[in-house]
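# my questions are about this predicted structure, shown below with the sequence.
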Amino acid sequence: MAEQHLTTPMTDADVEKLHAGDVVYLTGIIYTGRDAAHKRLVEALDAGRELPFDPKGAVIYYVGPSPARPGYPIGAAGPTTSYRMDSYAPRLIAEGLRGMIGKGMRAPEVKAAMAARKAVYFGATGGAGALLGLRIKEARVVAYEDLGPEAVRELSVIDFPVLVINDCHGGDLYAVPDLEAALGA
Amino acid sequence: MRTIAKQTVVDAVAAICIDANRHLPEDVLASFARAKAAETLPAAREIFGQLEENAALAASTGLPLCQDCGLGVFFVEAGEGVRLSEGTLREAVNEGMVKGYKDGYLRKSTCDPFTRKNVGDNSPAIVHFDLVAGESLRICMMAKGGGSENMSRVMMLAPAQGWNGVREFVIRRVAESGSNPCPPILVGVGIGGNFELAAINSKKALMRDVDDVHPDPEVAAMEADLLASINRLGIGPMGLGGATTCLGVKIKVAPCHLASLPLAVNIQCHSARHKEVTL
């Protein structure tokens, strides 16, 4: 397991050098998007419209932040559970998306798309919303403002801490539950 | 008959909503410290360190512990000798919840199930009432996030499946949930009752302290068995492996129909946010 510092947008080479278990500090622009925003992003692609941000090399953070208090750019901002974006993710990866930040397990189709197109799935610590929100330096809504917490935001981050869960080489960091040990009385 | 001013309820509910979202209960923090000390895996210890740091930051900055400030779930024990100065108790609780989520800069997470349009003020509060003797009002609030709630299930077992069937269903549910619900989790289990009572009891059970031991020794033994068994899964904090998949299992039992063995499993993330007030 290595410690790496990366700036966005990410390149194929950036993705290839990452392995499950690596601690990564991201600096640059990342975009927020969760359930409702993903639906609209894919609808835009289906309709032949441009996305509200350039997907090439982009990193999407699955997050719906809490409102910003006065004096802060954003509220609490930890990851949401990623599987709900599984049906949309391969389409965005095909458009050049290189990184996703969330928590929880991904579907085989997403892992296959990551391997085929060079993308990486990062985990951030779920429930550490205050800690992660304080690592975000600037935030502005770039699309779908009517979705409230689910709007697409452009976040400026410096050394945002994530962990490689699934790499493009088939690596998977999550522990496999030992059902036999648990069930055996 | 005692009359309580509606605004007293509104303000008290708003205050516990904000408090619950900024301050983890002491028993939950103590369970982190115990579990961290018992973990040998560096990744597991690192996660507990982050959760402790997060709790300290939320308390010092006023940011919520988690961006998912949850649905506002309330268990209200209303004394039969209490009445409000105006309106209904449900309206007062809802108004207090809306005020707390607005004033506390908490995320509003309720939406239309089909259009997914955000309601905008986190209403309606989900309120469960129990009428009790006396002239006081006890209001318990839980900020329940969607990630852990999504991993919860109700199952109508056949009576023949008995405790072994209950045990296997709970363990398999946690195993299948894996890293999704933000482990280490708490598991609320409702056994018996009927379809909806099992679900409500599984959530009520989560209001108990993490280190609370069930007064019935048989149920306490079931809780201990499930806790130890779940922790042999090895999912660990945030799914990275380790000894702590679960911090506590809390069971609530009720009589059921001859034909049924209702079971509900309510999964609670490590950010077990709840507060209460008695008026």
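Perfect, thanks for sending it. Computed from a predicted structure; not experimentally measured.
# so which bits of the lengthiest helix in chain A are buried?
Looking across chain A with DSSP state H, the single longest helix is helix A:35-46. Within helix A:35-46, the residues that qualify as buried are A:Asp35, A:Ala36, A:Ala37, A:His38, A:Lys39, A:Arg40, A:Leu41, A:Val42, A:Leu45, counting by 16 or more other Cβ atoms under 10 Å in any protein chain shown. Glycine gets a C-beta too; all of them are placed from N, C-alpha and C.
# skip the chain neighbours and tell me the closest residue to residue 147.
No chain specified, so I'll use chain A. Closest residue to A:Leu147 apart from its sequence neighbours, by Cβ to Cβ, 6 or more residues apart in numbering or on different chains: A:Ala36 at 5.1 Å.
# other chain: chain B
A:Thr81 (4.4 Å).
# pretty sure that neighbour contacts A:Gly123?
No - contact between A:Thr81 and A:Gly123 fails when scored by Cβ atoms under 8 Å: they sit 11.0 Å apart.
# which residues are in contact with each of the two?
The contact sets of A:Thr81 and A:Gly123 overlap at A:Gly102, A:Lys103 (Cβ atoms under 8 Å, 6 or more residues apart in numbering or on different chains).
# wait, what's in contact with A:Thr32?
Contacts for A:Thr32 (Cβ under 8 Å, 6+ apart) come out as A:Ile60, A:Tyr61, A:Tyr62, A:Val63, A:Gly64, A:Pro65, A:Ala151, A:Val152, A:Arg153, A:Leu155.
# filter these by proximity to chain B?
By Cβ under 8 Å from any Cβ of the partner chain, the members of the contacts of A:Thr32 lying near chain B are A:Val63, A:Gly64, A:Pro65.
# just the helices in the chain please.
Defaulting to chain A. Under DSSP H, chain A gives helices at A:12-16, A:35-46, A:89-94, A:108-117, A:129-133, A:179-183.
# looking at chain B here, not the other one
Shown for chain B, the helices assigned by DSSP H span residues B:6-22, B:26-38, B:42-61, B:89-103, B:146-149, B:162-177, B:195-204, B:217-231.
# show me what the fifth one is packed against.
To tie it back to what came earlier, the one meant is helix B:146-149. Packed against helix B:146-149 by the contact rule (3 or more Cβ pairs under 8 Å, 6 or more residues apart in numbering or on different chains; DSSP states H and E) you find strand B:261-268.
# paired strands for the strand it packs on, with orientation please.
Strand B:261-268 pairs in its sheet with strand B:153-157 (antiparallel), strand B:185-193 (antiparallel), by DSSP bridges.
# which parts of the first one are buried?
By that I understand strand B:153-157. Per 16+ other Cβ under 10 Å, strand B:153-157 contains these buried residues: B:Arg153, B:Met155, B:Leu157.
# what sits against the closest residue in space to the second one that isn't next to it in sequence?
Using Cβ to Cβ, 6+ apart and skipping residues adjacent in sequence, the residue nearest B:Met155 is B:Leu263, 4.8 Å away. Contact partners of B:Leu263, counting by Cβ under 8 Å, 6+ apart, are B:Val154, B:Met155, B:Met156, B:Leu157, B:Gly165, B:Val166, B:Phe169, B:Val170, B:Val189, B:Gly190, B:Ile191, B:Ala198.
# quick one: the nearest residue to A:Gly123 once chain neighbours are set aside from A:Ala130, how far?
Nearest residue to A:Gly123, sequence neighbours excluded (Cβ to Cβ, 6+ apart): A:Ile165, at 4.3 Å. Per Cβ to Cβ, to the nearest Å, A:Ile165 is found 22 Å from A:Ala130.
# what's the neighbour count on A:Val59?
Applying other Cβ atoms under 10 Å in any protein chain shown, we find 25 residues neighbouring A:Val59.
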